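Novice: what's the 3D shape of this:
(one chain, ligands or ions: 2)
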Amino acid sequence: MAIKFGRPIEMRDAPRRQAALASTPLDLAIRPRRNRKAEWARRLVRENVLTTDDLIWPMFVVDGHNTRTPVTSMPGVDRLTVDQAVRDAERAAKLSIPCIALFPYTEPSLRDEIGSEALNPNNLVCQSVRAIKKEFPDLGVLCDVALDPFTSHGHDGLIEDGRILNDETVAVLVKQALVQAEAGCDVIAPSDMMDGRVGAIREALDEAGFLDVQIMSYAAKYASAFYGPFRDAIGSAKTLTGDKRTYQMDSANSDEALREVELDIAEGADMVMVKPGMPYLDVVRRVKDTFAMPTFVYQVSGEYAMIAAAANNGWIDGDRAMMESLLGFKRAGADGILTYFAPKAAEKLKAER
Ligand SMILES: NCC(=O)CCC(=O)O
Ligand SMILES: [Mg+2]
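Specialist: Ligands and ions are numbered 1, 2, ... in the order given. Predicted coordinates for the structure are as follows:
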């Protein structure tokens, strides 16, 4: 590893010769650098590792056939027609990525005020789940529950007089979750931040016999500027009216995140998530330390775009920045990461093994 970049760096720490002898060593009993002197020594004391098991790969699906359309604001990420999503699912399985997440680009003509398309058992997400589970039954498939890819206004819930209705929205989300479970989805991931939706969805899933369908709740989801490219990808950037601050969290808060997570666990969440990732590593740590639950973090589109854009400009080493950011989530206590870097990171991890 160390010789990849030229002269092995550890040689510079070999027994001291001329230069070293010229000066008197400091009288230090403790020299932390000893544990960093060589790659084998660094490996030996390394506290956290990233493996392919830590990755969830979010994918965008779009209507059509045999087409991949680049998302301009997310260099390296494409919208996939269902057949192509199946191909990427195959890639995920080959790379030992345990789970993928599906997000639809819904044609504007199919969007309406109440997000009806979310309940269509033949919508793009359901078609993709069926096609993927048929070919790769052992690959985990996660489906987002929220109305934003389906509403004409781009909000996650139903609106009346400019207000997002909580309880009425929850009733629709329950139906959306059932439609997705029926299609064969393994993990239901409510991302809407309505109060009480986890409990309502758990109850409905159980009643319908979906006892084994897991819930990963977007428990602490912040109203963030970092979602911009995602909204391009699902086609809701132009349609979104106003912002999401009456339901997504205020970025100033972290005690509130603990209360949100506590509620979702009490309502039956199997796994909890903090989102976005890099600006909220402290929240990841607090959640993990407080609840000892399977804790996930979403490295969102804007975080991906920043690294990808800087790398494409030659301003940072993209691969190293990618790996450093992902390892940072592990260090903060995350058990897994939803990241658009998943295939690239998994390829790198496989090659290094
Ligand atoms: N419910 C899923 C998202 O909102 C993803 C956001 C992003 O990647 O920016
Ligand atoms: Mg909540």
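Novice: interface residues of the protein facing ligand 1?
Specialist: 144, 146, 191, 227, 230, 300, 301, 302 (C-beta under 6 Å from any ligand atom). Any C-beta I mention is one placed from the backbone N, CA and C, and that applies to glycine too.
Novice: So which bits of the longest helix belonging to the chain are buried?
Specialist: In the chain, taking DSSP state H as the definition, the longest helix is helix 166-183. Neighbour-count burial for helix 166-183 flags 166, 169-170, 172-174, 176-181, 183 (criterion: 16 or more other C-beta atoms under 10 Å).
Novice: now swap in stretch 33-53 and tell me
Specialist: Buried-residue list, stretch 33-53, by 16+ other C-beta under 10 Å: 38, 50, 52.
Novice: do the same with stretch 257-271
Specialist: Here stretch 257-271 shows 257-258, 260-265, 267-271 as buried, counting by 16+ other C-beta under 10 Å.
Novice: Over to stretch 103-114?
Specialist: Buried, per 16+ other C-beta under 10 Å, within stretch 103-114: 103, 104, 105, 106, 110, 111, 114.
Novice: For ligand 1, state which of these is nearest.
Specialist: residue 103 (6.4 Å; C-beta to the nearest ligand atom).
Novice: which residue packs closest to the closest one, ignoring adjacent ones?
Specialist: Residue nearest to residue 103 in three dimensions, not counting chain neighbours: residue 60, with 5.3 Å by C-beta to C-beta, 6 or more residues apart in numbering.
Novice: Number of residues surrounding that neighbour?
Specialist: 25 (other C-beta atoms under 10 Å).
Novice: Looks to me like it is in a strand.
Specialist: Yes - under DSSP: H, G, I helix; E, B strand; the rest coil, residue 60 falls within a strand.
Novice: ok so, going back, name the nearest of the buried residues of stretch 33-53 relative to ligand 1.
Specialist: residue 50 (19.4 Å).
Novice: What's opposite the closest residue to residue 185 other than its chain neighbours in the beta bridge?
Specialist: Closest residue to residue 185 apart from its sequence neighbours, by C-beta to C-beta, 6+ apart: residue 143 at 4.3 Å. Per DSSP bridges, the residues bridged to residue 143 are residue 102, residue 188.
Novice: Per-residue pLDDT of residue 143, please?
Specialist: Looking at residue 143, its pLDDT is 98.
Novice: same question, residue 21
Specialist: 69.
Novice: who's in contact with residue 35?
Specialist: Contacts for residue 35 (C-beta atoms under 8 Å, 6 or more residues apart in numbering) come out as 41, 42, 44, 45.
Novice: ok, residue 68 - how many residues close by?
Specialist: With other C-beta under 10 Å as criterion, residue 68 counts 15.
Novice: That one touches residue 82, doesn't it?
Specialist: No - with contacts counted by C-beta atoms under 8 Å, residue 68 stays clear of residue 82, the gap being 11.9 Å.
Novice: Kindly reformat the buried residues of stretch 33-53 as a markdown table containing pLDDT and secondary structure.
Specialist: Putting those into a markdown table (pLDDT from 0 to 100; DSSP: H, G, I helix; E, B strand; the rest coil) gives the following:
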| residue | pLDDT | secondary structure |
| --- | --- | --- |
| 38 | 98 | coil |
| 50 | 98 | coil |
| 52 | 98 | helix |
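Novice: just those residues now: which is nearest residue 212?
Specialist: Nearest to residue 212 out of the buried residues of stretch 33-53 is residue 52 (C-beta to C-beta; 23.7 Å).
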